[in-house]
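*Asks:* Show me the folded form of this:
(one chain, ligands or ions: 1)
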Amino acid sequence: MSEPINSSTRLNFHGTYTCPVCRHGEISAIPLMEALACNFCRHIFTANIEQQTLKMADSQLPLTWRWNGRTWTGGYREENELGWGYWIAGIAFVLLPTSIVGLGAYLFPPLPGSSLSWLPIFWTGLTFLCHSACLGWLVLEYYQFPLSLYIRALGERLFARFN
Ligand SMILES: [Zn+2]
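*Replies:* So this is what the prediction gives:
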């Protein structure tokens, strides 16, 4: 999938390449335009042949990839790169509330045999899941990842198998 279909390993407007966003569809040039489009996630890109870079054209803060002859590298924003601080904050956003809730459950355990004794553990798990989902959603939004298209394609594939 990551191999270009044409024999040339340089990025050009005649080749077909794996989409750097969804890693599922293929991007190729739109006729009569200096732009490329993905046949799966429908994102539109502009290419810089001299620098061998591809820039997402339909996003507010454009992402850029570099073609290294075989695959895409980068996927960085030109001026607003995700630093380590954001990842540490993201991990803290998941782990801190979970450990506070878990510590509460550990320090003040429910009375043994009470009907709601499962609640603290359930609540700890729920806290972890909710905060992870928030973080995951933010990451998907940041990278413009087409999750809904993936789920739809997966559903269609499953549906086709059972027919
Ligand atoms: Zn795509």
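*Asks:* how far away is residue 108 from the ion?
*Replies:* Using Cβ to the ion, to the nearest Å, we find residue 108 at a distance of 50 Å from the ion. No exception for glycine: its C-beta is placed from N, CA and C like everyone else's.
*Asks:* Give the burial count for that residue, as a bare number.
*Replies:* Per other Cβ atoms under 10 Å, the neighbour tally for residue 108 reads 8.
*Asks:* just residue 71 next, same as before
*Replies:* 16.
*Asks:* and it, what pLDDT?
*Replies:* We have a pLDDT of 88 for residue 71.
*Asks:* Also residue 153?
*Replies:* At residue 153, pLDDT is 82.
*Asks:* pretty sure it is touching residue 40, no?
*Replies:* Yes. Shown here, residue 153 and residue 40 form a contact pair, counting by Cβ atoms under 8 Å, at 7.4 Å.
*Asks:* which stretches of the chain form helices?
*Replies:* 84-107, 119-142, 147-161 (DSSP state H).
*Asks:* rank these by mean pLDDT and give me the bottom one.
*Replies:* Taking the mean pLDDT of the helices of the chain, helix 147-161 comes last: a mean of 81.
*Asks:* send the alpha carbons of that helix over as PDB?
*Replies:* In PDB, the C-alpha atoms belonging to helix 147-161 read as follows (Å, rounded to 0.1, in the frame of the first residue of the first chain):
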ATOM      1  CA  LEU A 147     -12.600   8.400  11.700                       C
ATOM      2  CA  SER A 148     -16.200   8.400  10.500                       C
ATOM      3  CA  LEU A 149     -15.100   7.300   7.000                       C
ATOM      4  CA  TYR A 150     -13.100   4.500   8.500                       C
ATOM      5  CA  ILE A 151     -16.000   3.200  10.500                       C
ATOM      6  CA  ARG A 152     -18.300   3.500   7.400                       C
ATOM      7  CA  ALA A 153     -15.800   1.600   5.200                       C
ATOM      8  CA  LEU A 154     -15.400  -1.100   7.900                       C
ATOM      9  CA  GLY A 155     -19.200  -1.400   8.200                       C
ATOM     10  CA  GLU A 156     -19.600  -1.700   4.500                       C
ATOM     11  CA  ARG A 157     -16.900  -4.400   4.400                       C
ATOM     12  CA  LEU A 158     -18.600  -6.400   7.200                       C
ATOM     13  CA  PHE A 159     -22.000  -6.000   5.500                       C
ATOM     14  CA  ALA A 160     -20.600  -7.200   2.200                       C
ATOM     15  CA  ARG A 161     -19.200 -10.300   3.900                       C
END
